[in-house]
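S.K.: With the input below, show me the fold.
(one chain, ligands or ions: 1)
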Amino acid sequence: MTFKDLGLTPPIQKALYEEGYTIPTPIQQQSIPILLKGKDLLGCAQTGTGKTAAFAIPILQQMNVRHDSSKGRRKVRALVVTPTRELATQIGESFKVYGKYTSLKNTVVFGGVKQGAQVEALRRGIDILVATPGRLLDLINQGYISLRDIEYFVLDEADQMLDMGFIHDIKKLIALLPGKRQSLFFSATMHPNIVALSRKILGNPERVTVKPEQTTAERVGQSLYYVTKKNKLGLLTHLLQTREMESVLVFSRTKHGANKIVKLLAREGFQSAAIHGNKSQRAREVALEDFKKGKIKLLVATDIAARGIDIDELSYVINYDLPNVPESYVHRIGRTGRAGSSGMAISFCDAEERSYLKDIEKLIKQKVQVIHEHPFINDNLEKDSEVPERTHGHKRRPKPNRHKKSSGKNNYWRKRNDRSRKSS
Ligand code: AMP
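M.R.: Now for the predicted structure:
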């Protein structure tokens, strides 16, 4: 299914196209048709599933169809209430992006900052308001905002809203909304108190439930060995000798490095083949065939050469060198653990590669588990990895190893594609 199949109007389609969106996410596929029919929606979905676009697109489309910019001052016709200023800002930006080719205007109000600029934006006139509850009520009480003309109301992240103690504010807001409106209610969980709140807001809603997709980084087992450059081969042969590895794809950052690994492995009695851009097409095909048939268990590749490799039962990926482009890490480890099978990705990290590791962990939003027991353990490298960094003369505390799950909050689909395109 594409966005075209969802019956979107040209101004919205054009904006989505420019953003690089072609395929709607599951929550978008399910919610957009319901919302375009004007029905209420109870959505059980988290940030990272594409939920903002799922509600922003149909609201923009419906409002734009019935919008006549020549008719006097703008009135606030859509209200999105969300718990934090970060979320409010993101949602406001999304409305701007998706509504780029409509004549609709939006603004964001949240607490913790002076209200002057927000009041000024409201005075100039807006159609869509994104707000956190406290500041919204404040500005209503001061007479800067009226909810009289609201046609679309979204309560976003309802469970977080209750956790943060906003229940009374929400109830006050609901009491101010006109009875005739389309209401949308989103929450990551559906505890009884959430369901009770949703009943106060929604008429007879359609339900949509979407679980966030497991990212590659979550699906594949990952581990990391701190090791000096010089000891990498020793560690690789140690792992090959001590673990049962059916098929291993070893990644090298450079073509020269890949050739060298093959040579050194041969010296240690391991047969392998390299595939990279300097090898002829024929040589690459033969190496790949041999690998697929199990004639050789080890294939050494560069990132670019590995792009086309499609092997279903690859048991291990070894990052002999960490990639300097963090997205390449995700591509690499995605070569294993395919089609639901569990894969393992092992990475070596020498002193110079620390910054690459940092970028990778930032991208995958999790810490890679460090293996402390191996024959090539290097105390300095291990210790250094725990030393707080100094930035601009201030001591920075080391970040706790929280093994945080990916929230998938950043533009997962698009940015990943963009960056991998650039890096190829
Ligand atoms: P959200 O769950 O709304 O926070 O969205 C997560 C991220 O996915 C945002 O950065 C969006 O820009 C992006 N996104 C949402 N829908 C799509 C789509 N259909 N195609 C590509 N990216 C999308």
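S.K.: Would you mind measuring the gap between the ends of stretch 197-209?
M.R.: 17 Å (C-alpha to C-alpha, to the nearest Å).
S.K.: And for that stretch, what's in contact with it?
M.R.: Residues from elsewhere that reach stretch 197-209 (C-beta atoms under 8 Å, 6 or more residues apart in numbering): 27, 30-31, 34, 39-45, 153, 155, 158, 162, 167, 170-171, 174, 183, 185, 187. Placement of C-beta: from N, CA and C, glycine included.
S.K.: Within reach of the ligand, which of the residues you listed are there?
M.R.: The subset of the contacts of stretch 197-209 within reach of the ligand, by C-beta under 6 Å from any ligand atom, is empty.
S.K.: need the next SSE after the helix or strand where residue 331 lies, C-terminal direction.
M.R.: Per DSSP states H and E: residue 331 is located in helix 326-333. Sequence-wise, the next helix or strand downstream of helix 326-333 (DSSP H and E) is strand 344-349.
S.K.: Name the strands paired with that following strand and say parallel or antiparallel.
M.R.: Strand 344-349 sits in its sheet next to strand 221-226 (parallel), strand 316-319 (parallel), going by DSSP bridges.
S.K.: Nearest to residue 267 among those strands would be which one?
M.R.: Taking C-beta to C-beta, strand 316-319 is the member of these nearest to residue 267, at 17.8 Å.
S.K.: what sits up against the closest one?
M.R.: The set of residues external to strand 316-319 that reach it, using C-beta under 8 Å, 6+ apart, is 220, 236, 239, 243, 245-251, 329, 332-333, 335-336, 343-348.
S.K.: now do stretch 95-104
M.R.: Outside stretch 95-104, the residues within contact range by C-beta under 8 Å, 6+ apart are 10-12, 14-16, 18-19, 53, 56-57, 60, 63-64, 67, 69, 106, 127-128, 130.
S.K.: Is there a neighbour count for the closest residue to residue 39 other than its chain neighbours? I'd like the number.
M.R.: Nearest-residue entry for residue 39: residue 206, 5.3 Å, with adjacent residues in sequence omitted and distances by C-beta to C-beta, 6 or more residues apart in numbering. A count of nearby residues for residue 206, using other C-beta atoms under 10 Å, gives 16.
S.K.: quick one, phi/psi of residue 206?
M.R.: Residue 206 adopts backbone torsions of phi -90, psi 150, taken as degrees, to the nearest 10.
S.K.: Same question for the one 3 residues further on.
M.R.: Backbone torsions for residue 209, taken as degrees, to the nearest 10, come to phi -120, psi 130.
S.K.: Quickly list what it is bridged to.
M.R.: residue 44.
S.K.: so where's the stretch 1-150 of the chain uncertain?
M.R.: Scanning the stretch 1-150 of the chain for pLDDT under 70 picks out 67-71.
S.K.: Recalculate using a threshold of 80.
M.R.: The stretch 1-150 of the chain contains residues with pLDDT under 80 at 46-48, 66-72.
S.K.: can you map out the strands along it?
M.R.: Ranges of strands in the stretch 1-150 of the chain, per DSSP state E, counting those that start in this stretch, are 41-44, 78-81, 106-109, 128-131.
S.K.: which one of these lies closest to residue 373?
M.R.: Of all the strands of the stretch 1-150 of the chain, strand 41-44 sits nearest to residue 373, with 42.7 Å by C-beta to C-beta.
S.K.: any idea of the mean pLDDT in stretch 245-260?
M.R.: Averaged over stretch 245-260, pLDDT sits at 92.
S.K.: Name the residues of that stretch that come out as buried.
M.R.: 245, 247-253, 255, 257-260 (16 or more other C-beta atoms under 10 Å).
S.K.: could you redo those residues as CSV and give each row distance to the ligand?
M.R.: Listed next are those as CSV, based on distance: C-beta to the nearest ligand atom, whole Å:
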residue, distance to the ligand
245, 36
247, 33
248, 33
249, 28
250, 32
251, 27
252, 32
253, 29
255, 33
257, 34
258, 34
259, 39
260, 40
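S.K.: Okay, and which of those map to strands?
M.R.: Using DSSP state E, 248-251 are the members of these that sit in strands.
S.K.: for the strand or helix carrying residue 173, packing partners?
M.R.: If you go by DSSP H and E, residue 173 is part of helix 167-176. If contacts are counted by 3 or more C-beta pairs under 8 Å, 6 or more residues apart in numbering; DSSP states H and E, helix 167-176 sits against helix 133-141, helix 192-201.
S.K.: Okay, now the sheet partners of whatever helix or strand comes next after it, with direction.
M.R.: Moving toward the C-terminus from helix 167-176, the next helix or strand (DSSP H and E) is strand 182-187. Strand pairing for strand 182-187, determined by DSSP bridges: strand 41-44 (parallel), strand 152-155 (parallel).
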